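Next input, structure requested:
(chains A, B and C)
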Amino acid sequence: MTKLLTYDLETTGLNPRTCRILGIAICISVGVTYYITLPKCIEKAKKILEVLRPYFKDASIEKLGHNLKYDNQVLKHYGIDVKGKLHDTMVGDYVLHPDRKHHGLKLISKLHLNYQQLEFDEIAIGKTKQDKTLEGVDPKLVSVYACEDTDQTLQLHQYLHPQIEQNGLLDSYNLDCQLVDVISEMEYNGITIDIDLVKEIESEIDVLLKNLKQSILKFTSGEFNINSTKDVNHLLFNQLGIEPIGDKNKNGLYSVSSKILKRLLPEHKVIKLILDYRAIYKVKSTFIKALLQIDPVSGRLHTSINQTVTETGRLSSSKPNLQNIPSRTIGKKLRQCFIASSEHHTLIGADFSNIELRVMAIISQDVTMLSAYKDGEDLHALTASKVLGISYQQAKENKDQRNIGKLINFGLIYGMSSHGLRESLFLNAGKDFTLEQCQDFINTYFELYRGVAKCREDLVYKATINGYTETLFGRKRPLSNINSNDSYKRSAAKRLAMNTPIQGTAADIIKMAMVKIHKRIKSEGLASKMLLQVHDELLFDVPNSELKYMEKLVKYEMENAVHLAIPMEVDLQSGRTWYDVH
DNA sequence: TATACCGCGTT
DNA sequence: GACGTACGCGGTATAG
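Got it, this is the predicted structure:
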């Protein structure tokens, strides 16, 4: 019988690098739950953790918890590296119900076991929800709370695990559980930020904003807030008499989104100024602000990498979100602020080349796509040549035309209509095609890639029967609206039925690569650190002595994470900053 | 203060 | 009448 250690830590806060452990409840195998209160004296606390250490580091004992990503970071901060296979009820509930918004222990305990646990807010001390803490709460009460958590975690595991097996989700579950360790470390490591450069860029931006604001205010009268859609509406459509595009929204305002403003550009020169102001203001208010959230203790930026949020199986990033730092737009310079951890370290950036398109080829088994990839052809150029009726060679050389092929390829992955394609081609390529032309592009596309058209029908049909859609590796996404009477909802569900297998399979593949790379770093005792994942890209911080070896290792493990009909291709670069390696 | 909605950055 | 996936988060406006 496998030995199982279930545990739950109670701490003074949510930052695993600054909080103190107040107590720990453990349950060894199936049996009694013990609770240990750690004294306020840090030395005594450490002694108790020393007693537990052998159990944590014993790889033959499997570990179970709810959100172990957190508990293991706290333990790591106390010098304990948890070993052995991990199980996590939060991950378990997620793979079973990815459409659920939350997977909190109290919630799922109520849902699955119909047990009402003691809520954190009931026992914690603090005026507002945000500053509630267990610090100072009667240890006996904390003990009850912790034991209940641990007990429910074990019961939930026993309840959920058979369901995971029965629903064919064991592979997805095991993959995600293996990833807990990886992500736990990534969050704990954090990223080094060149804070002086951040501040330098911020002052440059302040000057730009000030100048733009002055220029814009020349066209306005009275109080004017550039960030107010109401004020911009009034300026453009009343004061300047520009003819609005589209309909009023429920607030009685016309849309002044960048999409609309870009179409209105020729009408007045203030529109360009407003677009510029907005873009730069966004850099300051969102991205500069994100980079300033450095942990004063570690001196690095620690994002949350969320494993149980997306319905497709992707990861997400928050507090701050580092998956949407600009890479093409005005703010891309900010990537220069993400730097290697010392002058003796280098960053490696590695990204899967066209992973979603390759996955589409694999899932659909489309002969044209597969043979194009096998022959090392340029798929964007191929699409462009057929759709635009030009030679493959010309499409390859003419960047503009190739770009159209690229936008069509991406659009079709998402199940885009002729309207969406038209919008995309206008916004991203500056090409104003008619709806009919766009519909022709789509028709030609499906004639060229017959297998893709067939596959999309199959995916929708299967989803209609099953009520869910799934990835190549069996991760499932429920589609409750796939048979809805509401045609809008039904169409949206159909798009998901076609898109999720692509996006989700790509997510599965990079997760497998992450696990493999992490295992090798550990087993070979390397000092390199995985820092970030941005859907098809991984970022590492490596000592220069390991650079050449890690470049090979990362590329190899990513390209060999899975072996499918066509190979995965990885582009890899190293450099001092994230800007240099992207 | 909490929530809804718009808008926009990434993939 | 709308018409592209997946997110997180900043802003304004509004309800309580």
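
Near DNA strand C, which residues of the stretch 101-250 of chain A are found?
Neighbours of DNA strand C within the stretch 101-250 of chain A, by Cβ under 7 Å from any atom of the strand: A:Asn225, A:Asn227, A:Ser228, A:Thr229, A:Lys230, A:Asp231, A:Gly246, A:Asp247. Backbone N, C-alpha and C define where each C-beta goes, glycine included.

List only buried entries from the residues you listed.
A:Asp231 (16 or more other Cβ atoms under 10 Å).

Out of the residues of the stretch 101-250 of chain A next to DNA strand C, which is nearest to A:Gly79?
A:Asn227 (47.5 Å; Cβ to Cβ).

how about the closest one, what does it touch?
Residues counted as contacts of A:Asn227 (Cβ atoms under 8 Å, 6 or more residues apart in numbering) are A:Arg278, A:Tyr281.

where's it relative to A:Ile216, distance?
11 Å (Cβ to Cβ, to the nearest Å).

Up against DNA strand B, what does chain A have?
Counting by Cβ under 7 Å from any atom of the strand, chain A sits next to DNA strand B at A:128-129, A:229, A:249-251, A:253, A:255-259, A:261, A:278-279, A:282, A:286, A:321, A:323-329, A:331-332, A:534-537.

Pick the one among the residues of the stretch 101-250 of chain A next to DNA strand C closest to DNA strand B.
When these are compared for distance to DNA strand B (Cβ to the nearest atom of the strand), A:Thr229 comes out closest, at 4.6 Å.

Leaving out sequence neighbours, find the closest residue to the residue of the stretch 51-200 of chain A found nearest DNA strand C.
Here the residue of the stretch 51-200 of chain A nearest DNA strand C is A:Pro98; by Cβ to the nearest atom of the strand that distance is 7.7 Å. Counting by Cβ to Cβ, 6 or more residues apart in numbering, A:Pro98 lies nearest to A:Glu311, which is 4.8 Å off, once chain neighbours are set aside.

same deal with A:Pro39?
Distances taken as Cβ to Cβ, 6+ apart put A:Ala45 closest to A:Pro39, at 5.8 Å, once the chain neighbours are dropped.

right, and the one you found touches A:Ile36 too?
No - between A:Ala45 and A:Ile36 there is no contact under Cβ atoms under 8 Å: 9.7 Å.

Return every residue with contacts to both of those two.
By Cβ under 8 Å, 6+ apart, no residue touches both A:Ala45 and A:Ile36.

quick one, which of those two is more surrounded?
Neighbours around A:Ala45 and A:Ile36, counted as other Cβ atoms under 10 Å, are more numerous at A:Ala45. The numbers are 20 against 16.

In the one helix or strand the more buried one maps to, which residues are buried?
Using DSSP states H and E, A:Ala45 sits in helix A:42-57. Neighbour-count burial for helix A:42-57 flags A:Ala45, A:Ile48, A:Leu49, A:Leu52, A:Arg53, A:Tyr55, A:Phe56 (criterion: 16+ other Cβ under 10 Å).

What helices and strands are in contact with whichever strand or helix holds A:Asp176?
Element membership of A:Asp176, judged by DSSP H and E, is helix A:170-189. For helix A:170-189, the packing partners by 3 or more Cβ pairs under 8 Å, 6 or more residues apart in numbering; DSSP states H and E come out as helix A:68-77, strand A:86-88, helix A:89-96, strand A:304-306, helix A:487-523, strand A:529-533.

ranges for the strands of the stretch 101-250 of chain A?
For the stretch 101-250 of chain A, applying DSSP state E, counting those that start in this stretch gives strands covering A:192-193.

ok, back up a step: could you save the helices and strands packed on helix A:170-189 as JSON lines and add columns showing distance to DNA strand C and mean pLDDT?
Listed next are these as JSON lines, based on distance: least, Cβ to the nearest atom of the strand, whole Å; pLDDT from 0 to 100:
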{"stretch": "helix A:68-77", "distance to DNA strand C": "14", "mean pLDDT": "95"}
{"stretch": "strand A:86-88", "distance to DNA strand C": "18", "mean pLDDT": "97"}
{"stretch": "helix A:89-96", "distance to DNA strand C": "11", "mean pLDDT": "95"}
{"stretch": "strand A:304-306", "distance to DNA strand C": "5", "mean pLDDT": "93"}
{"stretch": "helix A:487-523", "distance to DNA strand C": "4", "mean pLDDT": "94"}
{"stretch": "strand A:529-533", "distance to DNA strand C": "13", "mean pLDDT": "95"}
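
if we can go back for a sec, CA-only coordinates of the helix holding A:Ala45, as CSV, when you get a sec.
Taking C-alpha atoms only, helix A:42-57 is exported to CSV below (Å, rounded to 0.1, in the frame of the first residue of the first chain):
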residue,chain,number,x,y,z
ILE,A,42,11.0,30.6,15.4
GLU,A,43,13.7,28.4,16.9
LYS,A,44,11.2,26.0,18.4
ALA,A,45,9.2,26.0,15.3
LYS,A,46,12.2,25.0,13.3
LYS,A,47,12.7,22.1,15.7
ILE,A,48,9.2,20.7,15.1
LEU,A,49,9.7,21.1,11.3
GLU,A,50,13.0,19.1,11.7
VAL,A,51,10.9,16.3,13.1
LEU,A,52,8.7,16.3,10.1
ARG,A,53,11.5,16.9,7.6
PRO,A,54,12.2,13.2,7.0
TYR,A,55,8.6,12.5,6.0
PHE,A,56,8.5,15.4,3.6
LYS,A,57,11.7,14.5,1.9
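
how far does that helix sit from the chain's center?
Averaging C-alpha positions (Cα atoms, centre = their mean, to the nearest Å) puts helix A:42-57 35 Å from its chain's average.

Quick check: what element follows that helix along the chain?
Where DSSP H and E defines the elements, the next helix or strand beyond helix A:42-57 is strand A:61-65.

That next one pairs with which strands, parallel or anti?
Strand A:61-65 pairs in its sheet with strand A:3-11 (parallel), strand A:86-88 (parallel), by DSSP bridges.
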